[in-house]
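# sequence and predicted structure, then a few things I'm wondering about:
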Amino acid sequence: MLRLGVNIDHVATVRNARGGAYPDPVRAARMAEEAGADGITAHLREDRRHILDADIDALMEHLTVPLNFEMAATDEMQQIALRHKPHAVCIVPEKREEKTTEGGLEVAREENKLAHFIAPLREAGCRVSIFIAADRPQIEAANRIGAEVIELHTGAYCDYHAEGRFEEREAELVRLTEMATFAHSLGLEVHAGHGLTFDTVKPIAALPEVMELNIGHFLISEAIFSGITPVIHEMRRLMDEARAESAKA
Ligand SMILES: CC(=O)[C@@H](O)[C@H](O)COP(=O)(O)O
Ligand SMILES: NCC(=O)COP(=O)(O)O
């Protein structure tokens, strides 16, 4: 079963454009749950540009599906995660000036620091995931530090698609395919996400080692026109179709 985690960050982006209370990301998360989301993802950025601390408090109180809490490897975020003990913690790289998460975490260069950083999170019962590029040395390092999950960054694959750079898109898809197999062979659970749309989801959903997709920006954008429920149903349908086709092939 391929799980769908719905990222509700960009409901908060719209809310924060004016301040105030709406649209409420928790309301969106509850609707996503009802529409069949298997989990909710929220990224508490250090600059609080979208999700706020109070959103995490409310998500922990009201969700009935697991929360995947995305955060940078900082002491402040570690304390927040340890206070809430969400089902999963996904460690992501962050730069203040970036528009969105630009690359995967540099695990190999920071191996000791990250091993110490994630140990208390694991002891607290959180499944620790590392948001990572499709790069063998990074995956090996994620395995060595004791992560249980890696999430492969699909942003480059999606950008190549959007820019019509189809040869580069296919090369990135090959890398994602090979690295999903490699990570799985090490015993890591494999997730994927970033930038996925109706047009790009199927080849990623078809990868048999991938157990979860985290999708946000496109779903929330498309929900402006169609509503959250039909958009999630359509994404779910495409994911299931891709999985069934790959199982038959
Ligand atoms: C790590 C990640 O991929 C998500 O957090 C997603 O990118 C939404 O957050 P941003 O748009 O702030 O990067
Ligand atoms: N970790 C990826 C994620 O949560 C969703 O990314 P996006 O679909 O908002 O780009």
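Okay, I see it. These numbers come from a predicted model, not from an experiment. Residues are numbered from 1 along each chain as shown. Ligands and ions are numbered 1, 2, ... in the order given.
# going by C-alpha atoms from here, please, whenever you check contacts or count neighbours.
Noted.
# in three-state terms, label the residue in the chain positioned nearest to ligand 1 for me.
Of all residues in the chain, Thr100 sits closest to ligand 1, at 3.5 Å by C-alpha to the nearest ligand atom. Secondary structure, DSSP: H, G, I helix; E, B strand; the rest coil: Thr100 is coil.
# show me what from this protein comes close to ligand 1.
9, 43, 92, 100-101, 194 (C-alpha under 6 Å from any ligand atom).
# which of those residues count as buried?
9, 43, 92, 101, 194 (16 or more other C-alpha atoms under 10 Å).
# tell me which of those is nearest to Pro86?
His43 (12.4 Å; C-alpha to C-alpha).
# hmm, Phe69 and the closest one touching each other?
Yes: contact criterion C-alpha atoms under 8 Å: His43 and Phe69 qualify, at 6.1 Å.
# in the helix or strand harbouring Tyr160, which residues are buried?
Per DSSP states H and E: Tyr160 is located in helix 155-162. By 16+ other C-alpha under 10 Å, the buried positions in helix 155-162 come out as 155-161.
# the most centrally placed residue in the chain: what's it in contact with?
What sits nearest the mean C-alpha location of the chain, by C-alpha atoms, centre = their mean, is Asn214, with 4.0 Å. Taking C-alpha atoms under 8 Å, 6 or more residues apart in numbering as the criterion, Asn214 is in contact with 4-7, 41, 191-194.
# can you narrow these to ones near ligand 2?
Counting by C-alpha under 6 Å from any ligand atom, 7, 41, 193-194 from the contacts of Asn214 sit close to ligand 2.
# quick one: which of the buried ones among the residues of the chain next to ligand 1 is nearest to Glu140?
Ranked by distance to Glu140 (C-alpha to C-alpha), these are led by Val92 at 16.7 Å.
# and the closest residue to Glu34 other than its chain neighbours, what pLDDT?
Counting by C-alpha to C-alpha, 6 or more residues apart in numbering, Glu34 lies nearest to Thr229, which is 8.0 Å off, once chain neighbours are set aside. Here the pLDDT value assigned to Thr229 is 98.
# quick check: the residue nearest to the centre of the chain is in a strand.
Yes: assessed by three-state DSSP, Asn214 belongs to a strand.
# got any ranges where this structure has weak pLDDT?
Filtered on pLDDT under 70, the chain yields no residues whatsoever.
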